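Asker: Fold the stuff below for me.
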Amino acid sequence: MPRLQEQRTARVIVATTVALSFISFWRGAAIVLSDLASSAFYAGGIVEQAIGKSAPWFILGVMLFSFAVRSVYMEGCSMFVRGGVYVVVRDAMGPFMARLSVSALIFDYILTGPISGVSAGQYLGHLLNEFAELAHSPLRVPPNLFAAGFGLIVTAYFWRSNIQGIHESSGKALRIMQITTFMVAIFVVWCPLTILLHGPAQVPLAPLPSNLHFSSDSLGWFRGTMWPTIPAAAIIIAFGHSLLSMSGFETLAQVYREIAYPKLRNLRLTANTVCIYAVICTGIVTLFAGLIIPDSVRGSYSDNLLGGLAMHLAGPTPLRLAFHVFVVITGVLILSGAVNTSLIGANGVLNRVAEDRVLVDWFRKPHPRFGTTHRLIDSVTILQVLTILASRGDLYVLGEAYAFGVVWSFFLKSLGVLVLRFKRSDQEYKHPGNFRIGGREIPVGLFLTTSVLFLVALANLGSKRIATIYGLSFTLLLFVVFTVSGRINSRRNTDRKKGLEQFNLEVQPEIAASSVHARPGSVLVAVRDYNQMEHLHTVLRKTNLRRHDIVVCTVRLLTAGEGEYDLRQEQVFADYEQELFTRVVATAEREGKTVDLLVVPGLDPFDAIVQTASALKASRVVTGVSARMDSSELAMKIGRAWEKLENPRHPFSLEIISHGRPSTYVNLGPHPPRLWPEDVERLHHLWLRLSERLGSDLHHRDVLGVALRRLARDIEGADCEEIYDQLLREAPTHRDSHAPKILDVETVSYKSTRL
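Answerer: Predicted structure coming up:
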């Protein structure tokens with residue numbers, strides 16, 4: 001029985017502004033570099049196999065060209081377009097080209113996972129073989145087979161994590177990049193010392209057409225034609241083979257929504273940090289490999305180039321071997337993270353496409369336990385697994401296919417931004433190189449960047465036979481799926497499904513106390529799974545509506561990169577939300593209670609719920625148990641989300657209700673503690689003893705204050721471990737399974753998380 005009974009249909013407030021977890025530009029850069037910088041581990045070997053010994057110069061050139069591509073993505077983001085390929089191309093050139101562009105982008109994501117996982121396996125497999133050789137053991141692992149197996153294991157691990165909705169945090173990405181930075185710093189110092197001591201083994205051939213030596217596979221359909229003999233065409237073909245070292249900028253577009261204020265300034269810092277880092281990490285380090293590893297043996301390190309570089313540095317063998325181990329560990333960390341990024345990115349893009357009704361609703365059905373779009377994740381994972389199996393661990397084949405998807409997604413994005421330059425005038429940032437002729441601005445810089453990407457994309461079509469066949473087939477297949485799905489959806493009247501409640505959607509840009517007709521002090525009930533609403537039943541039975549209104553809220557969870565500034569109501573309130581609130585209304589009617597209904601989009605469910613409770617001035621938030629974590633961890637995550645609110649923070653309590661078990665109560669933030677009777681008695685005895693000497697001016701609070709200050713001092717001293725042990729022994733002492741559980745969530749240090 002929803003509020004406003006005079007209306008024929010139930011009213012649902014739909015927020016269109018995403019509840020975000022803002023992160024610093026350092027964390028944003030770390031997330032992007034987890035994808036972009038990972039190419040340093042495999043790009044050098046793949047490109048040298050394709051074009052010869054001038055490969056390091058071309059990779060360095062691509063890294064410098066990344067500043068131009070960076071500007072394309074910055075301009076797209078500055079127009080408050082999410083920045084992703086799909087949205088930019090759709091707004092610029094319509095849904096047909098958008099479907100085509102996103103098909104190429106998904107191909108890019110599907111190749112990102114396999115090439116990263118297989119590359120990590122190659123590094124690990126070669127290291128194991130080197131240890132076996134040092135130990136004079138006949139045991140060896142076949143590198144390609146081992147790499148394929150390792151790639152499958154990593155893919156399976158992150159598939160499970162994404163199904164459960166457990167994404168890597170920006171804090172973890174930052175720590176991985178700190179480790180990677182330490183590795184790069186060692187290379188930057190050790191490599192010049194090696195050159196000073198031993199001299200360069202050779203100097204890579206200059207990036208001239210006469211120095212290009214294409215392999216039999218790297219010319220594709222151009223083999224035997226005049227095109228490779230034309231200097232400019234040969235340079236473009238070589239540049240196309242090198243472009244795989246620049247993948248990762250789509251992640252910049254996704255992370256833009258989460259970058260903290262001032263957004264454009266921090267976006268600029270993030271993008272510049274990423275490009276400068278990539279020039280050093282991928283460009284300079286690959287050049288060092290070409291200078292130091294002798295030509296005669298460098299081919300044997302094509303699948304683990306940085307490992308080979310580590311073993312050819314100056315110094316004793318044990319030290320070089322130890323550094324080699326460190327390089328492999330770092331590579332496994334960053335490359336495995338890129339596998340996770342590919343799944344998150346593909347899922348986010350496909351969710352965004354599905355919101356435009358070009359994927360049938362079957363794909364978006366939430367997981368019954370975890371609430372994630374598991375069918376999309378399953379589909380992407382299956383394609384990645386098939387790709388790994390088809391490649392059989394051959395890194396060169398994966399790299400060639402990968403470059404195909406990279407360049408076409410870049411080109412279509414750049415073309416979309418170029419078209420929008422003439423359609424819109426709200427760019428806060430513009431690609432450099434703009435000239436005015438007769439009062440009209442000519443975007444020369446953006447046009448040149450788009451032209452280069454177009455020529456490279458055409459060159460890749462002709463030079464990568466396998467990649468072109470596989471890439472075009474997949475792109476066209478996905479395009480057909482999108483087109484057919486869109487037509488199926490257009491024929492369905494999804495808003496009038498039999499047996500579902502019809503709702504009157506009231507769109508609000510953001511949630512405020514005036515949006516929902518609930519008085520301050522209301523009870524906010526968070527729901528997501530219509531099969532688990534025991535906590536809603538409990539609230540409806542126990543709440544006196546004369547004192548507290550009930551607001552039922554669901555978070556429309558968006559994956560990383562989905563959020564836009566202006567979400568449409570169908571993006572937030574889809575079929576699942578309609579079915580969920582149908583169950584909520586039926587439950588409320590059975591109890592004879594009125595409720596307000598609310599949908600909030602968010603990247604982090606905890607942030608979204610806490611921000612909503614604060615906006616509504618709720619006195620209590622009620623949630624059910626989580627399938628992914630116990631009540632204590634759930635309470636801690638909500639407590640940390642509360643700590644991120646701006647001061648003054650609105651205080652409220654949290655109740656976690658579990659069927660058949662006592663509820664868990666949490667007071668968020670600093671609050672008077674609930675003392676056990678024996679503690680009160682101990683405090684009173686201490687006061688009696690101390691007051692005999694200090695007199696009646698001493699109060700119980702004075703005793704407690706001194707005790708807390710002494711604890712704060714001692715916890716930093718030599719006896720801190722003893723104090724921790726005492727606290728651990730104390731905590732279980734007062735547990736009572738037959739009483740409601742009271743948790744303290746005090747002020748905590750917060751590390752930003754990213755879904």
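Asker: all helices of the stretch 101-250 of the chain, in order?
Answerer: Secondary structure of the stretch 101-250 of the chain (DSSP state H, counting those that start in this stretch): helices at 143-164, 170-198, 231-242, 249-255.
Asker: and among those, the most buried is which?
Answerer: Most buried of these by mean neighbour count (mean count of other CB atoms under 10 Å) is helix 249-255; its value is a mean of 26. Where you see a C-beta, it was placed from the backbone N, CA and C, and this is true even at glycine.
Asker: who touches I638 in this structure?
Answerer: I638 sits next to F606, I609, V610, V621, T623, L654, V666, L668, V745 when contact means CB atoms under 8 Å, 6 or more residues apart in numbering.
Asker: mind redoing it with 10 Å?
Answerer: I638 makes contacts with 526, 605-607, 609-610, 613, 621, 623, 654, 656, 666, 668, 745, as judged by CB atoms under 10 Å, 6 or more residues apart in numbering.
Asker: any idea which element it lies in?
Answerer: If you go by DSSP states H and E, I638 is part of helix 631-643.
Asker: From the chain's centroid, how far away is that helix?
Answerer: Averaging C-alpha positions (CA atoms, centre = their mean, to the nearest Å) puts helix 631-643 21 Å from its chain's average.
Asker: Buried residues of it, list them for me.
Answerer: The neighbour-count check on helix 631-643 (16 or more other CB atoms under 10 Å) flags S631, L634, A635, M636, K637, I638, G639, R640, A641, W642, E643 as buried.
Asker: In the stretch 1-150 of the chain, where is pLDDT below threshold?
Answerer: For the stretch 1-150 of the chain, residues meeting the criterion pLDDT under 70 lie at 1-10, 14-22, 80-87.
Asker: Name the next helix or strand following the strand or helix carrying R590 along the chain.
Answerer: Assigned by DSSP H and E, R590 falls within helix 575-591. Per DSSP H and E, helix 575-591 leads on to strand 596-602 as the next helix or strand towards the C-terminus.
Asker: circling back: could I get the buried residues of helix 631-643 as JSON lines with pLDDT and distance to M226?
Answerer: Formatted as JSON lines, the buried residues of helix 631-643 follow (pLDDT from 0 to 100; distance: CB to CB, whole Å):
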{"residue": "S631", "pLDDT": "79", "distance to M226": "71"}
{"residue": "L634", "pLDDT": "83", "distance to M226": "66"}
{"residue": "A635", "pLDDT": "83", "distance to M226": "70"}
{"residue": "M636", "pLDDT": "84", "distance to M226": "67"}
{"residue": "K637", "pLDDT": "85", "distance to M226": "63"}
{"residue": "I638", "pLDDT": "87", "distance to M226": "67"}
{"residue": "G639", "pLDDT": "84", "distance to M226": "69"}
{"residue": "R640", "pLDDT": "84", "distance to M226": "64"}
{"residue": "A641", "pLDDT": "86", "distance to M226": "63"}
{"residue": "W642", "pLDDT": "85", "distance to M226": "68"}
{"residue": "E643", "pLDDT": "83", "distance to M226": "66"}
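Asker: Can you say which of the helices of the stretch 101-250 of the chain is nearest to A43?
Answerer: Smallest distance to A43 across those (CB to CB): 7.4 Å, for helix 231-242.
Asker: Look up the residues forming beta bridges with E506.
Answerer: Going by DSSP bridges, E506 is paired in beta bridges with I13.
Asker: Many thanks, we can stop here.
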